[in-house]
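[1] no sequence on this one, just coordinates:
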C-alpha cells in the first residue's frame with residue numbers, strides 16, 4: 001500500500017518530495033525535487049527502502065559486478 005507520508009517519526013519528508021535515493025547500509029542519500037540533497041540514517045534500512053520503493057522513488061545505487 002502506497003503511503004506518501006513517512007512512517008518514520010524522525011524523517012519529516014513525504015515521498016512526494018523525494019526524487020531519487022541511494023542506500024548504503026543504514027545511510028540513505030536522498031535527492032529532493034527542489035534539488036536539495038539530504039542524508040538519513042535509520043536502524044530500519046530494509047523498511048525505509050521498502051517505503052521508498054512502494055512510493056516509486058528511483059533507486060540510483062550502482063550495482064558492482
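    Yes, it's here. It should be emphasised that the depicted structure is a prediction, and the values quoted were computed from it without experimental measurement.
[2] mind listing the helices for the chain?
    With DSSP state H applied, the chain shows helices at 45-54, listed in chain order.
[3] all strands of it, in order?
    Assigned by DSSP state E, the chain shows strands spanning 18-24, 27-32, 37-41, 58-59.
[4] Go through those and name the closest to residue 52.
    For the strands of the chain, proximity to residue 52 was assessed by CB to CB; strand 18-24 is nearest, at 5.5 Å. Any C-beta I mention is one placed from the backbone N, CA and C, and that applies to glycine too.
[5] May I see the buried residues of the closest one?
    18, 21, 23 (16 or more other CB atoms under 10 Å).
[6] Taking strand 27-32 as reference, get the angle to that strand.
    160 degrees (axes from the mean of the first three to the mean of the last three CA atoms, to 10 degrees).
[7] Can you work out which other helices and strands pack against strand 18-24?
    Using 3 or more CB pairs under 8 Å, 6 or more residues apart in numbering; DSSP states H and E, the elements in contact with strand 18-24 are strand 27-32, helix 45-54, strand 58-59.
[8] Would you tell me which of those gets closest to residue 4?
    Comparing the helices and strands packed on strand 18-24 by CB to CB, helix 45-54 comes nearest, at 9.5 Å.
[9] partners of residue 38 in the sheet?
    Beta-bridge partners for residue 38, by DSSP bridges, are residue 30.
[10] Contacts only, for it.
    The contact partners of residue 38, by CB atoms under 8 Å, 6 or more residues apart in numbering, come to 13, 29-30, 32.
[11] These, buried ones only, as a PyMOL selection?
    Applying 16+ other CB under 10 Å to these, the buried members can be selected in PyMOL as follows:
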select buried, resi 13+30
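[12] of all the contacts of residue 38, which two lie farthest apart?
    Pairwise distances across the contacts of residue 38 peak at 12.9 Å for 13 and 29 (criterion: CB to CB).
[13] Hmm, residue 33 and residue 17 touching each other?
    Yes - using CB atoms under 8 Å, residue 17 is in contact with residue 33, at 5.7 Å.
[14] Compare those two and say which is more crowded by neighbours.
    The neighbour comparison of residue 17 against residue 33 (other CB atoms under 10 Å) goes to residue 17, with 16 against 11.
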